[in-house]
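1. Give me the fold of what follows.
(2 chains)
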Amino acid sequence: MNLVRLALRMLGREWRSGELGVLLLALTVAVAALTGVGFLVSRISAAVALQASEVLAADVRLGSPQPLEEKYFAHAAAEGVGSARSTALLSVVFNGEASQLTSVTAVTAGYPLRGRLLVASEPFAKGIPAAGIPAAGEVWPDSRLLAAIGAHLGSQLSIGAGSFRVARVLISKPDQGSTFAELAPSLVMNAADLPATQLIQPGSRVSYAGLFAGKREQIEAFKSWLVANKRAGERVRDITEASPQVRNAVDRAGRFLSLASLVSVLLCAIAVAMAARRYVNRHLDTVALLKTLGATRAFILAVTVLQLAALALLAAAAGAALGFVAQEWLLRTIRGLLAVTELPGPQLAPAGIGLLTAVAVLAGFALPPVLQLARVPALRVLRRDVGPPPPLVLLAFGPAVLVVLLLIYWTVPETKLFAYFSAGLAVFVMALTAAGLLVVYLAGRLRGRVGVAWRFGVANLSRRRAESVVQLVAFGTGIMVLLLLGILRVDLNGDWQRTLPPNLPNYFFVNIPPAARAQFVQFLNAQGARTTKVLPIIRGRLTSINGKPVEDPKTGRASEEGFATREQNLTWSAELGADNRIIAGRWWEPGDTGKPLVSLASEFQESLGVKVGDQLTFDIAGEKLQVTVASIRKVKWDTFQPNFFIVFVPGVLEGAAGTYMTSAYFTPGAGHSLAQLAHQFPSVSIFDIDELLTQVRAVLDKAALAVQSVFLFTLLAGLTVLLAAVQSSRDERRYESAMLRTLGASRATVVQGVLAEFTTLGALAGLIAAFGASVGAYFMTTRWLELRYSFQWLPWLEGVVGGALLVAVGGWLATRTVIDQPPLKTLRA
Amino acid sequence: MNTKLIPSAQAPTIRDSVLKAENLCKEVSSPEGSLTIVDSVCLDIAAGESVAVTGPSGAGKSTLLALLAGLDTPTRGRVLLAGQDLTTLDEDGRARLRARRVGFVFQSFHLIPALTALENVMLPLELAGQTDARRIAGETLAGVGLGGRTGHYPRQLSGGEQQRVAIARAFVTKPAVLFADEPTGNLDTATGGRVGELLFGLNTHEHTTLVLVTHDRELAARCGRVVRMESGRVL
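-> Residues are numbered from 1 along each chain as shown, chains lettered A, B, ... in the order given. Okay, here's the model as predicted:
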């Protein structure tokens, strides 16, 4: 017999009879939540990567102290990858007699390939995007340089042997660097003018850079080629080395989105299990009859599995389509926020993941009960009380547990977090089950003390004990995750607002001479700028770890090379910053002053593979200094406070020649003060991070919006659970309602009974959920999201009142048709 | 009523034994200890014969029917259905045998609500792997006078009509034995009478062996043999 045809035909008949609606809805919502978030996260990540690449002014940047060979650019052109060149060197720029050591960057047409050059017509003004690069014979000096040498638009500046007219004021360039390596003011000129300056002589220190950008696949291939073909001493950098601030924020938002989508999937899985249970109950007779008519177990199994497979396909298609439409709609609404003009297209991968989810959820939550169908004895056609033998506990719950664990692991592959989340979920479900049993027991005891309607409703809870507990667990879990998401969303938004208040320091000042330190701070205060702490900076190079020179590249990874060979900014501090947390070892005590101890940021420690107790040797101005790693710090870079990878204990570095740094907030339009500052303290470097802050704020806004949209999916999933729960007891309710009304109960009494039952159920589930959500939020906020936790009372009220209302209204709506049905019709059926 | 059906080419002779129970026992455990529901029943039913099993409620009639049809397994003894010992077959083996040899009619009709009348009748043919199921089922439905109701769902049919669909479904595979459990129990006297007529008409026409459990004296009286049970024993 054509099994597939029969299975599909029966599926079609089931569909017509409306039996599969809830099952399909639950699956579709699960797939939509996961694929929607998948599409969204992949596209936003790609958009953010594009923004991040602005820091490099390219997708891939090849840096070298030697002129770059033509072959790189020829290969790029052949592969359809765009390119530009940038040559940077330090030179003294003259305006008449006034001079200033300046970082001169000569660029070719097309620069920057990513990001924008912002220019203005006066120093320290708000920049507007420049069209192209400086024309031949023209230069764009930055505000600080102009202030230092007293130049203005139209001034003629001498650079080496050439003379150039100031055409614009450079406000910012994308690759001005987030480290403070380039301390001098900057100037951009046309590369064609470089020979005329005669600045490049044998022995000159020049940084050559090739900038490359293109479509993602092309650039990946090109980068691999570049890495394989570059010469020794040349360094390839790409967007994975984008600024840690942006990356941190995106990572965190991505984690939250995955969690939210996982929660939707788990909720839907509960709905699927409930719908499957009802499906099984409604099909016991049919299967018994099929067996009586000659169907074998294998046949029943095959038909059932085929039907589930067809359902999975259908739900995957519908869910993926829904997810796609949802993210497309969302991205269209937030497009204005995105700095990039063109959004990368969606990848197909999330759709595949949607199908896998549908199959996994069905396999874990629907297949075990549905497989029980094949075990229904044919005898049931004569004796209604005969059902399938109870399944082995392992077979009944094993697949569901396995699927849940797999889904969690897929979402949070970090072992520790996976363990926390899984254990938390297991504890919560067990606690809910225990609470459910207790509540059902108490309901049984209390029913004698309430009116008839309430007695009927509450009695229902204790009579359908197993069902009540299952519903309590389902509603409780549903309400809990909704509350949890609510609490986390508040925490997350609150933390972001705390992190990025509007008057965050927008200027960093580096290279403050020790002698001018007090005078400088005084100047800032006099200008009314809000200042932060003043930190010392000593330049030093790490030379060996536990006696082994770091120049031996262990794995050859670019970041390690960078960390190992780059000159580092070192500082010392007695206090641990509020945005720093010790994750290994200990912070120093007063007694440690002067001991050779150092504290490392976790990124630095991970990159070099060092641990607490290791011996590091630094070269500071030619002097060797050996220190022991005392602690590892987790630094929140997105606070935009001055922070350092390497912090020494006070009393060690004080003798070394160094400078100071600080940051301050200047109100917009403080150009005059800054010009005065640059003039009075010519050696101080000023970094304007307003543009970067704007960029990060835009990313965070986008992330928050995405989070809220995913929240909607979770709500939808919660409602699906309610629908499935009510539907699963529909037949029984229909019969009870008919019986009660036959015995003389008014319709109002029956409705009151239903309301009493659902209100009690919802309120209790909400109470337990609020407790679970508060505990869960505490752990997730502090351990996972690394935010501060603040206890909230509102979720308790929302849980109890919201739970009671939601479940009561939903339950009443869903059972209304059952109650309204004439009793005779039900009793005759 | 139109009882014209497809002629049966291989109707067994009346002398052949088609269903035989040997010392059949069914015991179940209960809080009070072991309970014997069917006690040492011996029966020999010939092909084409019609047998009524009667007795008070709880006499073990339905259990005997379940054992004879292979829906349940005996504690002791054995059942030979069309020469095949049911106790040597597993659940699937018994199902396959039923697909080829057995038809059923139940008190509560047991039609599948999601299927139309025609689809309900097609089902045993589809399960038996028969091609042309739609045509045969259509003809059989017409044979029980429901040619015009093929597209109706069970809920759109009256009790009598539902039972006629069930009878068409039972006869559509031309079974050797038709078991009927209180086939008129849910019907009024007039409708029950018509259903009985249909059953016996088909029994005669198709030479199908009819084993029916009933409280209906009239229906029992129309059978060739009446087996009376009490406390699990055949009197």
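2. Name the residues of whichever strand or helix holds A:L425 that come out as buried.
-> Assigned by DSSP states H and E, A:L425 belongs to helix A:415-446. Neighbour-count burial for helix A:415-446 flags A:417-418, A:420-422, A:425, A:428-429, A:431-432, A:435-436, A:439-440, A:443 (criterion: 16 or more other C-beta atoms under 10 Å in any protein chain shown). All C-beta atoms are positioned from the backbone trio N, CA, C, and that covers glycine.
3. ok, and which of the residues you listed reach chain B?
-> Filtering those for proximity to chain B by C-beta under 8 Å from any C-beta of the partner chain leaves nothing.
4. The host helix or strand of A:E757: what's the following helix or strand?
-> Under the criterion of DSSP H and E, A:E757 resides in helix A:747-779. Next helix or strand after helix A:747-779 toward the C-terminus (DSSP H and E): helix A:794-797.
5. Could you list every helix and strand in contact with that following helix?
-> helix A:465-499, helix A:747-779 (3 or more C-beta pairs under 8 Å, 6 or more residues apart in numbering or on different chains; DSSP states H and E).
6. so where's the stretch 701-829 of chain A shaky on pLDDT?
-> Low-confidence segments of the stretch 701-829 of chain A (pLDDT under 70): A:701-712, A:714-715, A:784-788, A:821-829.
7. What count of nearby residues applies to the residue of chain B found nearest chain A?
-> When scored by C-beta to the nearest C-beta, chain B has B:A99 as its residue closest to chain A, at 2.3 Å. B:A99 has 23 neighbouring residues, counting by other C-beta atoms under 10 Å in any protein chain shown.
8. Looks like it contacts B:L127 (just checking).
-> Yes - counting by C-beta atoms under 8 Å, B:A99 touches B:L127, with 5.6 Å between them.
9. So the residue nearest the centre of chain B, which state does it fall into?
-> Centroid-nearest residue in chain B: B:F179, 1.8 Å away (criterion: C-alpha atoms, centre = their mean). Secondary structure of B:F179, reduced to three states by DSSP: H, G, I helix; E, B strand; the rest coil: strand.
10. Same check on A:P141?
-> strand.
11. any chance you could map the strands in chain B?
-> B:17-30, B:33-46, B:50-54, B:76-81, B:84-85, B:102-105, B:177-181, B:209-213, B:225-230, B:233-234 (DSSP state E).
12. Turn the ones you listed into a markdown table, including distance to A:P390 and mean pLDDT.
-> Converted to a markdown table, the strands of chain B look like this (distance: least, C-beta to C-beta, whole Å; pLDDT from 0 to 100):
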| stretch | distance to A:P390 | mean pLDDT |
| --- | --- | --- |
| strand B:17-30 | 17 | 90 |
| strand B:33-46 | 22 | 91 |
| strand B:50-54 | 33 | 93 |
| strand B:76-81 | 27 | 93 |
| strand B:84-85 | 30 | 92 |
| strand B:102-105 | 27 | 89 |
| strand B:177-181 | 27 | 92 |
| strand B:209-213 | 30 | 92 |
| strand B:225-230 | 32 | 93 |
| strand B:233-234 | 33 | 90 |
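13. Quick one: closest of the ones you listed to A:L322.
-> The minimum distance between A:L322 and these falls on strand B:102-105, with 44.7 Å, by C-beta to C-beta.
14. Please see if that closest one touches chain A.
-> Yes - Strand B:102-105 lies within reach of chain A by C-beta under 8 Å from any C-beta, at B:V102, B:F104.
15. Please compute how far that strand lies from its chain's middle.
-> With C-alpha atoms, centre = their mean, to the nearest Å as the basis, strand B:102-105 stands 3 Å off its chain's centre.
16. Note down every partner strand of that strand and its orientation.
-> Looking at strand B:102-105 with DSSP bridges, its partner strands are strand B:177-181 (parallel).
17. Can you give me the neighbour number for the nearest residue to B:A117 once chain neighbours are set aside?
-> Once flanking residues are discounted, B:A117 sits nearest to B:V165: 4.8 Å by C-beta to C-beta, 6 or more residues apart in numbering or on different chains. For B:V165, the neighbour count with other C-beta under 10 Å is 27.
18. Go ahead and confirm A:T659 touches A:V510.
-> Yes - if you go by C-beta under 8 Å, A:T659 and A:V510 touch, sitting 7.2 Å apart.
19. Overlap in contacts, the two.
-> Common neighbours of A:T659 and A:V510 (criterion: C-beta atoms under 8 Å, 6 or more residues apart in numbering or on different chains): A:I537.
20. Could you check how far the closest residue in space to A:R464 that isn't next to it in sequence is from A:L740?
-> The shortest distance from A:R464 to any non-neighbouring residue, by C-beta to C-beta, 6+ apart, is to A:S729 (6.9 Å). Relative to A:L740, A:S729 is positioned 15 Å away (criterion: C-beta to C-beta, to the nearest Å).
21. just to revisit the earlier point, quick one, the helix holding A:L425 and helix A:747-779 angle?
-> Orientation of helix A:415-446 against helix A:747-779 (axes from the mean of the first three to the mean of the last three C-alpha atoms, to 10 degrees) gives an angle of 150 degrees.
22. Does anything pack onto helix A:415-446? Which helices or strands?
-> helix A:393-411, helix A:452-463, helix A:465-499, helix A:747-779.
23. which residues touch the helix or strand of chain B with the lowest mean pLDDT?
-> Of all helical and strand segments in chain B, the minimum by mean pLDDT, DSSP states H and E falls on helix B:189-206, at a mean of 84. For helix B:189-206, the surrounding residues in contact (C-beta under 8 Å, 6+ apart) are B:1, B:3, B:5, B:8, B:11, B:48, B:50, B:105, B:144, B:158-160, B:163-164, B:167, B:171, B:174, B:178, B:180, B:183-184, B:187, B:208-210, B:212, B:216, B:218-219, B:222.
24. Could you check how far the residue of chain B most remote from its centre is from A:A601?
-> What lies farthest from the middle of chain B is B:E32; by C-alpha atoms, centre = their mean that is 32.8 Å. As judged by C-beta to C-beta, B:E32 and A:A601 stand 77 Å apart.
25. same check, this time on A:D193
-> For A:D193, the distance to A:A601 - C-beta to C-beta - is 41 Å.
26. likewise A:Q527?
-> 32 Å.
27. ok so, going back, where do the contact lists of B:A99 and B:L127 overlap?
-> A:L293, A:G294, A:A295.
28. Point me to the residue of chain A nearest chain B.
-> A:G294 (2.3 Å).
29. Tell me which residues touch the residue nearest to that residue when sequence neighbours are not counted, please.
-> Residue nearest to A:G294 in three dimensions, not counting chain neighbours: B:A99, with 2.3 Å by C-beta to C-beta, 6+ apart. Going by C-beta under 8 Å, 6+ apart, B:A99 touches A:L293, A:G294, A:A295, B:P124, B:L127, B:A128, B:T173.
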